[in-house]
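> predicted coordinates and the sequence they were generated for:
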Amino acid sequence: MKNKISIEWYDEIDSTNTEMQRKIDALENFSVIAAVNQTAGRGQRGNTWHVQEGKNLTFSLFLKFQPGELEAADNFLLSEAAALAMLDYLRGEGVECKIKWPNDIYYKNKKICGMLIENTISERNISNSIIGIGLNVNQKDFPAGLVNPISMSQITNKAYSLKEELVKLCGCLSSRLTLPFGEGMANEYEECLYRKDEFHEYSDCASGKPFEGKIIGVSTDGKLCVETEKGEVRRFAFKEISYII
Ligand code: BTN
């Protein structure tokens, strides 16, 4: 059964993930904090997440788990479920996207959505998770320097109500993130991977060396499996590989 999500909107906040961290003890399972504007939005790898005020969705979803429900070693399931929920929602809006491992959402070669998932671990279990999502919705111009951004509006030529879209998107998140996770979710995630089964250029972050490889899947612990031209399969953790796009 799907959980009902309650949404609290702020006009302005530093970061919805940070606000959730501050309120963590008082938060209910499946609560959402959304902001019209974030003044210190956080991205992956310590980056800042920039948005144009009032144009895009920036929000965080809080999930609470009982002891034994979700092991810390299975944390990648949260990335899979959240990324698939985003594809479900975008497909419903007529925007066909792919998942750029681990959980960026790409339209062709451009990034439409990013996620910052922050888990609290207690005795090898995940006790709660903050799933922060930034989705480019109505923004038409992006500052130079952002890597390959695109918005829903640029693709469909429509203008969206952020509040209405967030309700629809939360429905998709609730369906995918309610335990138990759907059977075959890992396979479905792999099938939706950006650049799967095609040779492209990557960079090995440890050596800085570029190489040609083909993404063939993701291991159960969330590592990206890339086959090289010599047929060798290399497994990369987050921050160990970068895509050359
Ligand atoms: C990334 O791709 O680098 C992740 C971006 C995540 C941005 C969202 S916006 C809502 C939530 N609050 C934050 O401070 N970050 C996430």
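Received the coordinates, thanks. Residues are numbered from 1 along each chain as shown.
> going forward, measure contacts and count neighbours with C-alpha atoms only.
OK.
> what does the chain have sitting close to the ligand?
When proximity is defined as Cα under 6 Å from any ligand atom, the chain approaches the ligand at 15-17, 41-44, 49, 58-60, 114-116, 132-134.
> which ones among those map onto helices?
Judged by DSSP state H, these include T16, N17 as members of helices.
> make a ChimeraX selection of the buried ones in the residues of the chain next to the ligand.
Buried members of the residues of the chain next to the ligand, defined by 16 or more other Cα atoms under 10 Å, are picked up in ChimeraX with:
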select :15,16,17,41,42,43,49,58,59,60,114,115,116,132,133,134
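> which neighbouring elements make contact with the lengthiest strand in the chain?
Secondary structure of the chain per DSSP state E: the longest strand is strand 110-122. Packed against strand 110-122 by the contact rule (3 or more Cα pairs under 8 Å, 6 or more residues apart in numbering; DSSP states H and E) you find strand 104-107, strand 125-135.
> for W101, which residues are in contact?
Going by Cα atoms under 8 Å, 6 or more residues apart in numbering, W101 touches L193, Y194, L224.
> and if you look at K214?
So K214 contacts R195, K196, D197, E198, F199, H200, V226, E227, T228 (Cα under 8 Å, 6+ apart).
> before we move on, what about Q154?
Counting by Cα under 8 Å, 6+ apart, Q154 touches N138, Q139, K140.
> top of these by neighbour count?
In terms of neighbours by other Cα atoms under 10 Å, those top out with N138 at 22 neighbours.
> how far away is the spatially most central residue of the chain from F59?
Taking Cα atoms, centre = their mean, the centroid of the chain lies closest to M115, which sits 3.3 Å from it. Per Cα to Cα, to the nearest Å, M115 is found 10 Å from F59.
> hey, what's in contact with both of the two?
With Cα under 8 Å, 6+ apart, M115 and F59 have common neighbours G132, I133, G134.
> Y106: which of those residues is nearest?
Nearest to Y106 out of these is G134 (Cα to Cα; 12.6 Å).
> find the nearest non-adjacent residue to the closest one, please.
Using Cα to Cα, 6 or more residues apart in numbering and skipping the chain neighbours, the partner closest in space to G134 is T58 (4.6 Å).
> wait, the one you found touches L135, no?
Yes - T58 lies in contact with L135 (Cα atoms under 8 Å); the separation is 6.6 Å.
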